[in-house]
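In: Structure for the following, please:
(one chain, ligands or ions: 2)
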Amino acid sequence: MWTIIVAAGSGNRFGGQKQFMLLGDKRVIDWSRDVAHSIGDGVVLVVPADVADTEGGVAGGATRSESVRRGLAAVPSEATIICVHDAARPFASEHLYKEVVAAVAGGADGAVPGLHVTDTIKRVDSGGVVLDTPDRSSLVAVQTPQAFRAEVLRKAHESGTEGTDDASLVERAGGKVVVVNGEAINKKLTSPEDLEWARAMAATEI
Ligand code: CTP
Ligand code: MG
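Out: Ligands and ions are numbered 1, 2, ... in the order given. Okay, the predicted model is just below:
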């Protein structure tokens, strides 16, 4: 199993490259990389082009999907299962990787961690007018790491399409994606408040 860690975003909502912020005694990206290293055969780090050499990674692209594609090109062809993980989720556990990988080893094309949503979710138009209210019991909020059969992930990315995660590309290509239990602590750091939360967690629980 190989892992692609995507860390080439600009962190617009955060106000800077959140992946390089200090979280306890190491950076956000280091937390994500260290867990992936400890359980897989290898890690491909995808980082902003200007730090690719210093970080020992490959240069990312303009979108998350493009960054994943650049990472995929650096994963050895022998890899049969590939995980894709957001660097901005520093607290994904080894257990979570094992769960998604086991689901793929067990026959799924892809596996994603998900948590049932607790808020009622509404679809709205660009003007903020409510279109409808999907049944909450059928909604899950998904996380990374997301695991895939390697050939399925490569095929889904072949056409250069875009999505906010990789499973959506595999779904569109007709692949079977299953959901395993996500972890509440596995939040994606998006705003400065999220980093404050993560620093408090790193200082206590981890
Ligand atoms: N990412 C990437 N290449 C991009 C965009 C995003 O590798 N062109 C990575 C980010 O570094 C992050 C993960 O994808 O680890 C999830 O993206 P997101 O949380 O949206 O991070 P950013 O795109 O950096 O943040 P924002 O959307 O607020 O600009
Ligand atoms: Mg983004």
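
In: Would you quantify the distance from the residue lying closest to residue 27 once chain neighbours are set aside to residue 28?
Out: Nearest non-adjacent residue to residue 27, counting by C-beta to C-beta, 6 or more residues apart in numbering: residue 20, 5.4 Å away. For every residue, glycine as well, the C-beta is placed using N, CA and C. From residue 20 over to residue 28 the distance is 7 Å, taken as C-beta to C-beta, to the nearest Å.

In: before we move on, what about residue 49?
Out: Taken as C-beta to C-beta, the span from residue 49 to residue 28 is 19 Å.

In: So if I had to pick from residue 20 and residue 28, which one is more boxed in?
Out: Counted by other C-beta atoms under 10 Å, residue 20 and residue 28 do not tie: residue 28 has more neighbours, with 25 against 17.

In: Which residues are in contact with the more buried one?
Out: Contacts for residue 28 (C-beta atoms under 8 Å, 6 or more residues apart in numbering) come out as 18, 19, 20, 21, 87, 88, 90, 189, 195, 198.

In: Dump those residues into CSV; add distance to residue 108 as well.
Out: Output for the contacts of residue 28, formatted as CSV (distance: C-beta to C-beta, whole Å):
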residue, distance to residue 108
18, 31
19, 29
20, 34
21, 34
87, 24
88, 25
90, 26
189, 28
195, 33
198, 30
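
In: Out of these, who's the most crowded?
Out: Of all the contacts of residue 28, the highest neighbour tally under other C-beta under 10 Å goes to residue 90, namely 31 neighbours.

In: Does residue 33 touch residue 4 like I think?
Out: No: between residue 33 and residue 4 no contact is recorded; they are 11.1 Å apart, counting by C-beta atoms under 8 Å.

In: And these two? Which one has more around it.
Out: Higher neighbour count among residue 33 and residue 4: residue 4, with 28 against 23, using other C-beta under 10 Å.

In: Pretty sure that one sits in a strand.
Out: Yes: according to DSSP: H, G, I helix; E, B strand; the rest coil, residue 4 belongs to a strand.

In: where does it land on pLDDT?
Out: Predicted confidence (pLDDT) for residue 4: 98.
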